[in-house]
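Peer 1: this is a predicted model, with the sequence first.
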Amino acid sequence: MEMQLELLEANKNLLIEQIRAHPFLKRCREGSITLEELKIFLLQQGIYSRYFVRYLCAMMANLPSNNEVLELAENLMEELGLEPNSPTPHAVMYREMLENFGLSLENSEALPGTRHLVDTMFKNCRDLRASAGLGALCLGAEALVPDLYTDIVTGFRSCDITDKEMKFFLLHIECDDGHAETIRNIMVDIGCKDTSQLDVMLEAGRHLVEARLQFFDSIETAYRASLYAQTEAVPAS
């Protein structure tokens, strides 16, 4: 069990380093990110995350027993706002955050990188091998959130956005470590019974991180395109 845990933790740390090396997150940490680019992120992250309950349910359907389903039920209950200490559905919290910035997911189009990220997550979560979905949701999502969202919050703070407006991200920085640990423990149990499943988990995590990097690439491309469009719209003097 110790070997499986060490392997998963080592790969998690490598994937976190890979994500945080992206220029988008680097600029968040440096404080050189613009609010307009962060708003593009908010919309695209909202498009990706609005399917989270469905990602989770698709993966849970392939778990080996009801014991694992029950272990993940708390995560699902929190997402749906059914936990006593988390009475607001996370989707509602996100929508309210968007409204504070004058944004809405209604009629918002997914960028190519966002579509690829959504498709990659669904593909792994629907895989009949539960290991693929577990690896995708843990190594490719939940385990990344505390570091990823910490960088995002740093970027917003550099744009003079208050923590009150960042409640959604701050909540997930605190709670997603526990979610990732719950999924990781299930992964360790499965890996102890069949070590070949560890490779499936690690591959799924890598696929999601690669898709997340393309997600950030798309945001940068869209932001540059918006700057170019603004320049073209300025009449020559």
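Peer 2: That came through, no problem. Numbers count the residues shown, from 1 in each chain.
Peer 1: what residues of the lowest-mean-pLDDT helix or strand in the chain count as buried?
Peer 2: In the chain, the helix or strand scored least confidently by mean pLDDT, DSSP states H and E is helix 66-80, which has a mean of 77. With burial defined by 16 or more other Cβ atoms under 10 Å, the residues of helix 66-80 counted as buried are Glu68, Glu71, Leu72, Glu74, Asn75, Leu76, Glu78, Glu79. Every residue, glycine included, has its C-beta placed from N, CA and C.
Peer 1: likewise stretch 19-26?
Peer 2: In stretch 19-26, counting by 16+ other Cβ under 10 Å, buried: Ile19, Arg20, His22, Phe24, Leu25.
Peer 1: columns secondary structure on top of those residues, output as CSV?
Peer 2: Shown next, in CSV, are the buried residues of stretch 19-26 (DSSP: H, G, I helix; E, B strand; the rest coil):
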residue, secondary structure
Ile19, helix
Arg20, helix
His22, coil
Phe24, helix
Leu25, helix
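Peer 1: so what secondary structure elements neighbour the longest helix along the chain?
Peer 2: Secondary structure of the chain per DSSP state H: the longest helix is helix 196-233. Contacts defined by 3 or more Cβ pairs under 8 Å, 6 or more residues apart in numbering; DSSP states H and E place helix 196-233 against helix 2-20, helix 23-30, helix 35-49, helix 112-125, helix 130-137, helix 167-193.
Peer 1: now it: average pLDDT?
Peer 2: Model confidence over helix 196-233, given as mean pLDDT, is 93.
Peer 1: before we move on, back to that, which stretch in the helices and strands packed on helix 196-233 is the model least sure about?
Peer 2: helix 167-193 (a mean of 83).
Peer 1: got the angle between that helix and helix 35-49?
Peer 2: 40 degrees (axes from the mean of the first three to the mean of the last three Cα atoms, to 10 degrees).
Peer 1: if we ignore the residues flanking it in sequence, what's nearest Asn11?
Peer 2: In this structure, Asn11 finds its nearest non-sequential neighbour in Leu202, 5.4 Å apart by Cβ to Cβ, 6 or more residues apart in numbering.
Peer 1: sorry, back to before: relative to Pro146, which of the helices and strands packed on helix 196-233 is closest?
Peer 2: helix 167-193 (5.0 Å; Cβ to Cβ).
Peer 1: output the contacting helices and strands for that closest one.
Peer 2: Counting by 3+ Cβ pairs under 8 Å, 6+ apart, helix 167-193 packs on helix 2-20, helix 66-80, helix 90-100, helix 130-137, helix 145-158, helix 196-233.
Peer 1: using PDB, write out every CA atom in the shortest one.
Peer 2: By that I understand helix 130-137. Extracted in PDB, the C-alpha atoms of helix 130-137 (Å, rounded to 0.1, in the frame of the first residue of the first chain):
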ATOM      1  CA  ALA A 130     -13.100   2.800 -12.800                       C
ATOM      2  CA  SER A 131      -9.400   3.500 -12.600                       C
ATOM      3  CA  ALA A 132      -9.500   5.800 -15.600                       C
ATOM      4  CA  GLY A 133     -12.300   8.000 -14.100                       C
ATOM      5  CA  LEU A 134     -10.600   8.000 -10.700                       C
ATOM      6  CA  GLY A 135      -7.300   9.100 -12.100                       C
ATOM      7  CA  ALA A 136      -8.900  11.800 -14.200                       C
ATOM      8  CA  LEU A 137     -10.900  13.300 -11.300                       C
END
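Peer 1: contacting residues for the residue nearest to Gln4 when sequence neighbours are not counted?
Peer 2: What sits nearest to Gln4 in space, not counting adjacent residues and going by Cβ to Cβ, 6+ apart, is Gly191, at 4.1 Å. Residues in contact with Gly191 (Cβ atoms under 8 Å, 6 or more residues apart in numbering) are Gln4, Leu7, Leu8, Gln197, Leu198, Met201.
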